[in-house]
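*Asks:* kindly return the folded structure for what I paste below:
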Amino acid sequence: MGYTVGTRGSALALTQTGMVADAIGRICNQNIERVTVKTEGDILTGPLSQMGGTGVFAATLRQRVLDGSVDMAVHSLKDLPTQPCPGLNIAAIPEREDPRDALCARDGLTLETLPEGANVGTGSPRRAAQIKALRPDINIVDIRGNVGTRLARVPGLEHYGNAEAVGDCDAVILAAAGLHRLGYESAISEYLDVSRVLPAPGQGALAVEIREQDVHNNTELAQAVATVDHLPTRYAVIAERAVLRRLEAGCASPIGTYARYEQDQLILDAVVASVDGSQVLRHHAATVLLSQESAEQLGIQVAEDLLQMGADRLNGLNS
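*Replies:* This is a model prediction of the structure:
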């Protein structure tokens with residue numbers, strides 16, 4: 001008897017799910033069948049911020065796990081709402097890939113060498129605000145679609161994927177992790193260091209959700225999934241997501257976070273920006289206590305500090 005895993009149908013989702021399913025399958029010596037699920041986010045059109053935010057990509061997959069259609073689901077962690085889903089448990093967060101954003105530009109251009117008034121494509125208010133803060137002259141173009149579709153907006157990059165070339169952007173910004181997993185590293189003209197552009201909470205990390213009852217009963221499935229959990233990554237993303245949850249912000253709010261280990265400390269950076277990038281608040285803190293509770297508290301403290309600095313007034317958040 002094998003297990004089933006739900007996945008979105010994009011090339012990136014299939015690749016990510018395959019990586020996790022293969023790892024779990026080797027551990028439990030079971031065949032894991034991939035079941036493709038079309039989510040609301042794959043059907044609707046328009047800006048993501050107007051479609052309900054990150055949850056539109058997760059809700060249908062989660063329902064398939066809850067109703068028993070599949071045994072587990074693999075998500076990009078940044079697509080999961082910060083509030084837990086009753087009946088489900090994030091049983092594993094595998095080791096994180098590169099968390100940075102990547103600029104994919106025509107002619108190998110960088111953020112500094114893009115011409116004045118260049119068109120840069122992104123569907124992320126977080127990326128747009130931070131890029132505008134660095135280059136106010138740049139024109140942000142709202143884009144959606146899978147990786148190949150977005151790369152096709154840039155002249156010279158249309159051969160990635162099967163998308164029809166558009167060529168209306170000088171560059172697009174994508175998550176480095178997705179490009180790495182698809183083998184598209186050569187499309188990257190510049191990695192945007194976290195000192196300049198902070199990523200989305202959980203960017204580069206994956207989440208494996210199973211039913212809470214499997215975790216409670218410590219089933220063979222729960223034991224197999226738990227073996228691919230990476231505690232340092234889990235603690236880091238817990239801190240990042242705690243910032244987002246405390247600020248009560250979703251995809252539409254320009255907020256970036258990144259936690260990493262340096263020696264014996266977990267260090268967390270966070271940024272809140274106005275939509276046009278004209279105002280930016282950045283803050284960081286650290287903890288030497290390494291546990292889920294201390295990671296959560298670190299994120300909450302950074303969010304509280306940002307609110308004291310005026311983040312609620314800057315971005316219309318509720319304090």
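
*Asks:* residue 209 pairs with what?
*Replies:* residue 73, residue 90 (DSSP bridges).

*Asks:* counting neighbours, what do you get for it?
*Replies:* Neighbours of residue 209 under the rule other C-beta atoms under 10 Å: 24. Any C-beta I mention is one placed from the backbone N, CA and C, and that applies to glycine too.

*Asks:* for the stretch 51-200 of the chain, what are the low-confidence residue spans?
*Replies:* Within the stretch 51-200 of the chain, the stretches with pLDDT under 70 are 51-56, 162-163.

*Asks:* which residues of it fall in helices?
*Replies:* Remark: helices assigned in the stretch 51-200 of the chain by DSSP state H, counting those that start in this stretch are 59-66, 125-134, 147-151, 176-182.

*Asks:* would TSV of these with distance to residue 82 and mean neighbour count be doable?
*Replies:* Output for the helices of the stretch 51-200 of the chain, formatted as TSV (distance: least, C-beta to C-beta, whole Å; neighbours: other C-beta atoms under 10 Å):
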stretch	distance to residue 82	mean neighbour count
helix 59-66	14	20
helix 125-134	14	23
helix 147-151	25	23
helix 176-182	19	21
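
*Asks:* now those as CSV including distance to residue 116?
*Replies:* Listed next are those as CSV, based on distance: least, C-beta to C-beta, whole Å:
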stretch, distance to residue 116
helix 59-66, 42
helix 125-134, 13
helix 147-151, 23
helix 176-182, 26
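
*Asks:* for residue 210, which of these is the nearest?
*Replies:* Closest approach to residue 210 among the helices of the stretch 51-200 of the chain is made by helix 59-66 (6.8 Å; C-beta to C-beta).

*Asks:* circling back: closest one to residue 164 among the helices of the stretch 51-200 of the chain?
*Replies:* Per C-beta to C-beta, nearest to residue 164 of those: helix 147-151, 8.4 Å.

*Asks:* name the residues that touch that closest one?
*Replies:* Contact with helix 147-151 is made by 10-12, 104, 121, 143-144, 157-158, 160-163, 172, 174, 178-179, 182, 184, 187, as judged by C-beta atoms under 8 Å, 6 or more residues apart in numbering.

*Asks:* can you do 10 Å?
*Replies:* Residues from elsewhere that reach helix 147-151, judged by C-beta atoms under 10 Å, 6 or more residues apart in numbering: 10-12, 15, 104, 121-123, 143-145, 157-166, 169, 172-175, 178-179, 181-182, 184, 187.

*Asks:* may I see the buried residues of stretch 201-209?
*Replies:* For stretch 201-209, a neighbour-count test (16 or more other C-beta atoms under 10 Å) marks 201-209 as buried.

*Asks:* per-residue pLDDT, residue 41?
*Replies:* Note on residue 41: pLDDT of 48.

*Asks:* this protein: strands as residue ranges?
*Replies:* Assigned by DSSP state E, the chain shows strands spanning 3-7, 32-36, 72-76, 88-92, 101-105, 119-121, 139-141, 171-175, 190-192, 206-211, 255-262, 265-273, 280-287.

*Asks:* mind putting those into JSON lines with distance to residue 58?
*Replies:* Below are these laid out as JSON lines (distance: least, C-beta to C-beta, whole Å):
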{"stretch": "strand 3-7", "distance to residue 58": "10"}
{"stretch": "strand 32-36", "distance to residue 58": "15"}
{"stretch": "strand 72-76", "distance to residue 58": "6"}
{"stretch": "strand 88-92", "distance to residue 58": "10"}
{"stretch": "strand 101-105", "distance to residue 58": "21"}
{"stretch": "strand 119-121", "distance to residue 58": "24"}
{"stretch": "strand 139-141", "distance to residue 58": "26"}
{"stretch": "strand 171-175", "distance to residue 58": "16"}
{"stretch": "strand 190-192", "distance to residue 58": "26"}
{"stretch": "strand 206-211", "distance to residue 58": "9"}
{"stretch": "strand 255-262", "distance to residue 58": "19"}
{"stretch": "strand 265-273", "distance to residue 58": "23"}
{"stretch": "strand 280-287", "distance to residue 58": "28"}
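
*Asks:* buried ones from the contacts of helix 147-151, can you make that a ChimeraX selection?
*Replies:* Selection command for ChimeraX covering only the buried members of the contacts of helix 147-151, criterion 16+ other C-beta under 10 Å:
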select :10,11,12,104,121,122,123,143,144,145,157,158,160,161,163,166,169,172,173,174,175,178,179,181,182,184,187
